[in-house]
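A.B. asks: Prediction below, plus the sequence it came from.
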Amino acid sequence: MRTRIVAQPKRRRVSVGGVVIDRLTEIEVVDRVIGAIRRGSGGHLVTPNVDICRACARDPALRALVLRASIAVADGMPLVWATRLLGKPVPARITGADLIWSLSEAAAFYRVPIYLLGGPPGVGDRAARALCERYPGLSIAGVDAPPCGFEEDAEQFAAVRDALTSARPLLVFVGLGFPKQDLLIERLRGDLPETWFVGCGSAIAFAGGAVARAPVWMRDRGLEWLFRLLSEPSRLARRYLVDDLPFAVRLLTVCAVRRLFT
């Protein structure tokens with residue numbers, strides 16, 4: 001896929017789950033990011049899902065963090081369904097696990113150097129190899145898997161920042177989970193104002209083969225969460241069943257009621 005660089009239209013957005021989502025296709029997202037890079041303008045891409053919306057509902061500072069992002073896309077079928085109920089549908093679910101491939105494809109074509117920050121030790125290197133194998137000519141400016149808690153240690157944070165700024169990538173995938181990755185992005189953007197940062201969650205682990213993705217048919221039907229729950233029940237059961245599922249039900253109910261009375 002070769003992305004087209006186009007003039008930037010007025011943003012089409014919808015407010016849902018306490019955040020604001022851009023009504024874009026994946027190709028449009030790639031166009032906007034690569035187009036901005038080619039104009040020398042950096043940014044921050046965030047991919048809200050139900051868990052992120054729930055966190056934002058509890059913490060106004062996190063909500064403000066998401067609202068400050070340059071682009072926000074719906075990484076979660078409940079958000080896609082909610083926008084449909086509101087009568088302002090987003091074209092599709094767009095995940096960090098998909099964007100790491102589509103943006104890397106465009107980066108290879110336009111010779112945009114990328115950087116992988118996050119994931120377990122060694123996984124980033126495997127992800128870089130997988131991306132380069134699929135997209136020959138892709139430039140990997142660097143790979144870093146910092147230790148847990150590095151952002152709270154001044155020396156370790158400085159080492160991560162120095163390695164990143166020395167590499168001078170124009171596209172950085174930060175796979176540390178929300179809100180850690182997006183808080184880190186805000187701290188780093190000033191050092192690389194022409195760079196785009198993508199908060200991509202588990203995308204590096206997926207690309208590196210450390211975590212299996214759900215089959216396409218499950219993703220299309222909004223069942224990727226079930227696949228991940230069955231794969232990691234001890235880690236995800238409370239998050240998905242106790243926290244996220246009730247929030248998703250309330251969200252869809254509220255959106256349905258709003259549609260009825262507007």
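C.D. replies: Structure received. Quick caveat, the model's predicted, so the values are computed rather than measured.
A.B. asks: Point out the other helices and strands that the helix or strand hosting L99 packs with.
C.D. replies: Element membership for L99 (DSSP states H and E) is helix 96-110. Packing partners of helix 96-110 (3 or more Cβ pairs under 8 Å, 6 or more residues apart in numbering; DSSP states H and E): helix 26-38, strand 114-118, helix 123-134, strand 171-175, strand 196-199, helix 203-207. Using the backbone N, CA and C atoms, a C-beta is placed for each residue, glycine as well.
A.B. asks: go with 7 Å
C.D. replies: Under the contact criterion of 3 or more Cβ pairs under 7 Å, 6 or more residues apart in numbering; DSSP states H and E, helix 96-110 touches helix 26-38, strand 171-175, strand 196-199, helix 203-207.
A.B. asks: angle of the second one against helix 26-38?
C.D. replies: Here strand 171-175 points in a direction 120 degrees away from that of helix 26-38 (axes from the mean of the first three to the mean of the last three Cα atoms, to 10 degrees).
A.B. asks: Averaged pLDDT, strand 171-175. What do you get?
C.D. replies: The average pLDDT within strand 171-175 is 98.
A.B. asks: For the protein, which segments count as helices?
C.D. replies: Here the chain has its helices, by DSSP state H, at 26-38, 50-58, 60-67, 77-85, 96-110, 123-134, 154-167, 180-188, 203-207, 216-220, 224-231, 233-237, 245-260.
A.B. asks: Distance-wise, check the closest residue to D144 other than its chain neighbours relative to P48.
C.D. replies: Excluding its sequence neighbours, the residue lying closest to D144 (Cβ to Cβ, 6 or more residues apart in numbering) is L117, at 5.1 Å. Distance of L117 to P48, given as Cβ to Cβ, to the nearest Å: 20 Å.
A.B. asks: what do you get for A108?
C.D. replies: 27 Å.
A.B. asks: More neighbours: these two, which one.
C.D. replies: Just comparing A108 and P48: by other Cβ atoms under 10 Å the higher neighbour count belongs to P48, 25 against 18.
A.B. asks: Was I right to think that one contacts I71?
C.D. replies: No: here P48 lies out of contact with I71, judged by Cβ atoms under 7 Å, at a distance of 11.0 Å.
A.B. asks: follow-up on the earlier one: dump the helices and strands packed on helix 96-110 into a markdown table; add distance to V66 as well.
C.D. replies: Output for the helices and strands packed on helix 96-110, formatted as a markdown table (distance: least, Cβ to Cβ, whole Å):
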| stretch | distance to V66 |
| --- | --- |
| helix 26-38 | 16 |
| strand 171-175 | 15 |
| strand 196-199 | 10 |
| helix 203-207 | 18 |
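A.B. asks: Nearest to I100, out of the ones you listed?
C.D. replies: helix 203-207 (4.2 Å; Cβ to Cβ).
A.B. asks: I140 bridge partners, please.
C.D. replies: I114 (DSSP bridges).
A.B. asks: sorry, that was for W196
C.D. replies: Assessed by DSSP bridges, W196 has beta-bridge partners G43, L171.
A.B. asks: who's in contact with it?
C.D. replies: V33, A36, I37, G42, G43, L45, L170, L171 (Cβ atoms under 7 Å, 6 or more residues apart in numbering).
A.B. asks: Against Y115, how distant is it?
C.D. replies: Relative to Y115, and taking Cβ to Cβ, W196 is found at 11 Å.
A.B. asks: so which of the helices and strands packed on helix 96-110 gets nearest L252?
C.D. replies: Between those, helix 26-38 lies closest to L252; by Cβ to Cβ that is 23.4 Å.
A.B. asks: in the closest one, what counts as buried?
C.D. replies: E26, E28, V29, V30, D31, R32, V33, I34, G35, A36, I37 (16 or more other Cβ atoms under 10 Å).
A.B. asks: Could you do stretch 229-242 as well?
C.D. replies: For stretch 229-242, by 16+ other Cβ under 10 Å, it's L229, R239, Y240.
A.B. asks: Many thanks, have a good one.
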